[in-house]
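J.: Okay, here's the prediction I keep looking at, along with the sequence it came from:
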Amino acid sequence: MISSEPIRNWANGILRDSLSQKADREWCLAALGGADRLKWFRESYPGYEDIFGHALLASFLGVTPVTLSRLRHS
C-alpha cells in the first residue's frame, strides 16, 4: 500500500475524513449543551434517531436517558 501512491492517497483521505468526524463529535460533546447536542445529532445523522435505541443514543450524546427523553419532548 505504501508503494502505490493512488492507494496511499485514497487511504489517507479516508483517515482524514474519519478524524474530522471524530473531532466534530468531540467538540460537540465538550462545547454544546444537551439540546444543541441533540440538534447536532439530528443534522449530522438524519434518520438515525429512529434506528438506535434510546439508551444508546443518550450514551452517544453524553446525556442520561432521562435527559434525552426531556429534550425530545421539549
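T.: Received the coordinates, thanks.

J.: And the helices in this structure, which stretches?
T.: Assigned by DSSP state H, the helices in the chain fall at 5-31, 34-44, 48-51, 54-61, 65-72.

J.: Check which helices and strands the first one sits against.
T.: Okay, so that is helix 5-31. Contact here means 3 or more C-beta pairs under 8 Å, 6 or more residues apart in numbering; DSSP states H and E; on that basis helix 5-31 packs against helix 34-44. Using the backbone N, CA and C atoms, a C-beta is placed for each residue, glycine as well.

J.: Give me the residues contacting the helix it packs on.
T.: Contacting residues not belonging to helix 34-44 are listed as 24, 28-29, 32, 48-49, 57, 60-63, 67-68, 71-72, 74 [C-beta atoms under 8 Å, 6 or more residues apart in numbering].

J.: can you tell me how far the residue most central in space within the chain sits from Tyr45?
T.: Residue closest to the average C-alpha location in the chain (C-alpha atoms, centre = their mean): Arg25, at 4.9 Å. When C-beta to C-beta, to the nearest Å is applied, the distance between Arg25 and Tyr45 equals 10 Å.

J.: Quick one: distance of the lowest-mean-pLDDT helix or strand in the chain to the chain centre.
T.: Here the helix or strand of the chain ranked lowest by mean pLDDT, DSSP states H and E is helix 5-31, holding a mean of 89. Relative to the chain's own centre, helix 5-31 is displaced by 12 Å; criterion: C-alpha atoms, centre = their mean, to the nearest Å.
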